[in-house]
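1. Let me see the structure of the following:
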Amino acid sequence: MLSEFVRDQTFTVAWFGLMVVVWLGWAQEDPPAAWRKWLGLGSVAGIALAAGFGVLTARHWAGETALADRYHWFGVLVAVEVAAAGAGCAVLARRGADRWMAWWVALVVGAHFLPLAFLLDDASIGVFGLLQCAGLVLLGRFLRRSDVTASRYVGPLMGASLLAYAVVSAGLVALGGTAS
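-> Have a look, this model is predicted:
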């Protein structure tokens, strides 16, 4: 994250660390045996980021945030995201296409980063979301020709990308890359 707000930057690292655990956990639904160690190590890294930057977020909670006067829009965005993910999964379940649920939820998550970039005044979040969506579209083409559960590949794509973004953002915090 390229934010001028320490609170936003530390919260994003903490939240992305937590989401690394979620996505890599979902990937463990049906991983190749050789991936299990890496999924576990990635989850440990996500937990460390979530815990460490959660503490830093608490220390900076009184600081400024790009969401000041925009919290209601953030709430609307999250509500739309949850509704879209849930509705899509309900449709997939009715169609007997459960294996695509992880892909759909990931696409909704990637797409939600686009309006979030405006709310946080951070173009890097939007670019990140576009890259995730592009990766998911390409992955979707592969998955159509396969019968594996989408989570096998979607989880590592989302988890690794979130981990990479969080590590870079953590590095920026460590280097004093935020102004507030």
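2. name the helices or strands packed onto the one helix or strand residue 92 maps to?
-> Using DSSP states H and E, residue 92 sits within helix 71-94. Applying 3 or more Cβ pairs under 8 Å, 6 or more residues apart in numbering; DSSP states H and E, we find helix 71-94 packed against helix 101-119. C-beta here means a position set from N, CA and C on the backbone, and glycine is covered the same way.
3. average pLDDT across the helix it packs on?
-> Average pLDDT, helix 101-119: 96.
4. name the helices or strands packed onto the next helix or strand after it?
-> Remark: after helix 101-119, the chain's next helix or strand is helix 123-144, criterion DSSP H and E. Applying 3+ Cβ pairs under 8 Å, 6+ apart, we find helix 123-144 packed against helix 101-119, helix 151-174.
5. Just the C-alpha atoms of the longest one, please, in PDB.
-> As requested, the backbone C-alpha atoms of helix 151-174 are provided in PDB (Å, rounded to 0.1, in the frame of the first residue of the first chain):
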ATOM      1  CA  SER A 151      -9.600 -23.800  -4.800                       C
ATOM      2  CA  ARG A 152      -6.500 -25.800  -5.600                       C
ATOM      3  CA  TYR A 153      -5.200 -23.000  -7.800                       C
ATOM      4  CA  VAL A 154      -7.200 -20.000  -6.700                       C
ATOM      5  CA  GLY A 155      -6.100 -20.200  -3.100                       C
ATOM      6  CA  PRO A 156      -2.400 -20.100  -3.900                       C
ATOM      7  CA  LEU A 157      -2.900 -17.300  -6.400                       C
ATOM      8  CA  MET A 158      -4.800 -15.200  -4.000                       C
ATOM      9  CA  GLY A 159      -2.800 -16.100  -0.900                       C
ATOM     10  CA  ALA A 160       0.600 -15.600  -2.600                       C
ATOM     11  CA  SER A 161      -0.400 -12.300  -4.200                       C
ATOM     12  CA  LEU A 162      -1.800 -11.000  -0.900                       C
ATOM     13  CA  LEU A 163       1.300 -12.100   0.900                       C
ATOM     14  CA  ALA A 164       3.600 -10.400  -1.600                       C
ATOM     15  CA  TYR A 165       1.600  -7.100  -1.400                       C
ATOM     16  CA  ALA A 166       1.600  -7.300   2.400                       C
ATOM     17  CA  VAL A 167       5.400  -7.900   2.600                       C
ATOM     18  CA  VAL A 168       6.100  -5.000   0.300                       C
ATOM     19  CA  SER A 169       3.700  -2.800   2.300                       C
ATOM     20  CA  ALA A 170       5.400  -3.900   5.500                       C
ATOM     21  CA  GLY A 171       8.700  -3.100   4.100                       C
ATOM     22  CA  LEU A 172       7.500   0.400   3.300                       C
ATOM     23  CA  VAL A 173       6.300   0.900   6.800                       C
ATOM     24  CA  ALA A 174       9.700  -0.300   8.100                       C
END
